[in-house]
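Q: what follows is a predicted protein model with its sequence.
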Amino acid sequence: MRKGSIRVGAWLGLIAAGAWCPAPASALVSKAEERQVGRRVVEEVRREFRVLDEPYLRLYLAGIGARVAAAMGAREFEAEFQVVADPRVNAFAVPGGYVFVTSQTILVCGDESELAGVVAHEVGHVEGRHLAHRLQKASVVNLASLAAVLAGAFLTKDPKAGAAVTSFAVAGAQAKMLQYSREDEEDADLRAVRALQGADYDGWGLVRFMDAIRRESPAPEGVPAYLFTHPLPENRAATLAAILPAEPRPPATPAAQEGLWRAQARVLLADPRPWGRALLERRVTAHPESPAAHLGLALQRRAEGQFAAAVAALEEAARLAPDDPEVAHERAATWLRQGRGAEAVALLEELRTRGRATRPALQDLAWAHLEADRGAEALAAVAALEAADPRWPRLAYFKGLALGKAGRPAEGFALLGDHYRDEGDLDQAARHYREALKRLPPGEEKGRVEEALKGVGRR
């Protein structure tokens, strides 16, 4: 394991040592406690691993997640997805509804139903609160076993760790704890298949994905099946096949592949593979009618600095999908890189006023206005962004800057203080809070900022 993995494992070990204590055996761990543990795991993963901050990827996964969660009748947590750069197939849900998916998982999927199967499986863990139950049982079974499972299941970076590094084949923890995990996996599988069918996905997608797991991560020779936290893929596939329709659906059409192909193109740009460029070119040749194929090639060309070729590919994508807001946004983003700022902003503003701008497009529009010191226009873009995504982590930062450029520095400094406080930069938070207090008139907001300044411990 690399250094970061050891540190995460050590932190999880502190849970077992009592730094975070599970509820008594008679009570299930609370949702608030789950969320707290989940946030800590997310922080550690983001600190030590490369998380792909690609907004369209997260939107795509969130859309699939919402679709299968609705079919599942999920009501425990709203899953939040993180894509981690990793060349192995892996997906993992941690307490509180946080779901990690590796870049390789997205790339090996042959159609969206396979990726939906992965997502549904992890949402099944979230909805089943499986880790909460395991934490509860940890008052009887050593919680260090849970720490080992969590660290081995997702956080190890040692390519020689064999079964310990794959989501569906994790070895090395105590057999009793692994038994619980196997039951959890079977329950998550059943929840997933039912949700896939209810969401109008092909339930066989999860089975096909298990075949991909077996090809990517064969069981280490000599390790018996009972040592794996997740039942072996072929065993799981046989169980699920018994409850699925007799025949899978016909192969997905290119039109049904649009979402997955776009996601795969963005993965290949953020976490490249040697064969990525050839794949994107081949898709355009094989499927010239696909907007996703042209969009993927355009993103590749733009990354290579071939802006004219990128614009040509985007124009073809726009011809095939004239009302596609993602394609329109990428045209504007390419123009920005070409120095065609006025054209780009005009297109992004048109999308905003028509209510067609995606969240990433609104982010680009707000930033373009901020760079040009257009405070009022930046505020309008930020307001649209806030309405579309009130939980966006950088919202306070963008809004604070926009308020400052719009001639409202007191409010701007206060929001920037909030942003830096939430980021853990307490010195910067205090500096911005002090600047806000110099300008704020007496009132409720000034009182709030005074309390916030006390809260960061910097007078």
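A: Perfect, thanks for sending it. Residues are numbered from 1 along each chain as shown.
Q: and stretch 70-86, which residues are buried?
A: If you call a residue buried by 16 or more other Cβ atoms under 10 Å, then stretch 70-86 has these buried ones: 71-72, 74, 76-77, 79-84, 86. Placement of C-beta: from N, CA and C, glycine included.
Q: one more: stretch 287-295?
A: Residues of stretch 287-295 classed as buried: 287, 290-295 (neighbour count, 16+ other Cβ under 10 Å).
Q: quick one: end-to-end length of it, please.
A: With Cα to Cα, to the nearest Å applied, stretch 287-295 spans 12 Å between its terminal residues.
Q: which residues touch it?
A: Residues external to stretch 287-295 that are found in contact with it (Cβ atoms under 8 Å, 6 or more residues apart in numbering): 254-255, 257-259, 261-262, 265, 280, 283-284, 286, 313-314, 316-317, 320-321, 324, 326-327, 330.
Q: pull out the buried residues from stretch 242-255.
A: 244, 252, 254.
Q: quick revisit: how about the buried residues of stretch 287-295 in TSV, adding secondary structure and distance to Leu52?
A: Below are those laid out as TSV (DSSP: H, G, I helix; E, B strand; the rest coil; distance: Cβ to Cβ, whole Å):
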residue	secondary structure	distance to Leu52
His287	coil	25
Ser290	coil	23
Pro291	helix	22
Ala292	helix	18
Ala293	helix	21
His294	helix	22
Leu295	helix	17
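Q: pull the most distant pair out of those.
A: Longest distance between any two of the buried residues of stretch 287-295 is 11.9 Å, between His287 and Leu295; criterion Cβ to Cβ.
Q: these two touch, right, Lys446 and Lys438?
A: No: using Cβ atoms under 8 Å, Lys446 is not in contact with Lys438, being 10.5 Å away.
Q: where in this structure is pLDDT low?
A: Where the chain drops to pLDDT under 70, the residues are 1-29, 134-181, 216-234, 458-459.
Q: hmm, back to that, nearest to Gly96, of the buried residues of stretch 70-86?
A: Of these, the one sitting nearest to Gly96 (Cβ to Cβ) turns out to be Phe77, at 6.2 Å.
Q: the closest one is in contact with Gly65, isn't it?
A: No: counting by Cβ under 8 Å, Phe77 does not reach Gly65; the two are 10.7 Å apart.
Q: quick one on the thing from earlier: only whichever of the contacts of stretch 287-295 are buried, select them in PyMOL.
A: Buried residues among the contacts of stretch 287-295 (16+ other Cβ under 10 Å), as a PyMOL selection:
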select buried, resi 254+257+258+261+262+265+280+283+284+313+314+316+317+320+321+324+326+327+330
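Q: helices and strands around the lengthiest helix in the chain, which ones?
A: For the chain, the helix with the greatest residue count under DSSP state H is helix 175-198. On a contact count with 3 or more Cβ pairs under 8 Å, 6 or more residues apart in numbering; DSSP states H and E, helix 175-198 meets helix 55-72, helix 112-128, helix 130-137, helix 143-150, helix 204-216, helix 233-241.
Q: so which of these is nearest Pro95?
A: Of these, nearest to Pro95 by Cβ to Cβ is helix 130-137, at 4.8 Å.
Q: list the buried residues of the helix or strand containing Val327.
A: Assigned by DSSP states H and E, Val327 belongs to helix 325-338. Using 16+ other Cβ under 10 Å as the test for burial, helix 325-338 gives 325-336.
Q: helix, strand or coil: sort out Glu289 for me.
A: Of the three states, Glu289 takes coil under DSSP: H, G, I helix; E, B strand; the rest coil.
Q: start the count at 33, not 1, going forward
A: Got it, the first residue is 33 from now on, which makes the last one we talked about Glu321.
Q: and it, how far is that from Val343?
A: As judged by Cβ to Cβ, to the nearest Å, Glu321 and Val343 stand 20 Å apart.
Q: coming back round to it: distance to Ala244 added to the buried residues of stretch 319-327, as TSV?
A: What follows is those, written out as TSV (distance: Cβ to Cβ, whole Å):
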residue	distance to Ala244
His319	22
Ser322	22
Pro323	26
Ala324	21
Ala325	22
His326	27
Leu327	24
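Q: out of the residues you listed, who's nearest Val488?
A: Of the buried residues of stretch 319-327, the one sitting nearest to Val488 (Cβ to Cβ) turns out to be Leu327, at 43.6 Å.
Q: the closest one and Leu394, how far apart?
A: 19 Å.
Q: one more: Val74?
A: For Val74, the distance to Leu394 - Cβ to Cβ - is 24 Å.
Q: who has more neighbours out of those two?
A: Per other Cβ atoms under 10 Å, whichever of Val74 and Leu394 has more neighbours is Leu394, with 26 against 17.
Q: which SSE is that one in?
A: Using DSSP H and E, Leu394 falls within helix 391-403.
Q: let me see the backbone angles for Val133.
A: Dihedral pair for Val133: phi -130, psi 130, per degrees, to the nearest 10.
Q: quick check: the closest residue to it other than its chain neighbours vs Leu238, distance?
A: For Val133, ignoring the flanking residues on the chain, the nearest one in space by Cβ to Cβ, 6 or more residues apart in numbering is Ala123 at 4.7 Å. According to Cβ to Cβ, Ala123 and Leu238 sit 12 Å apart.
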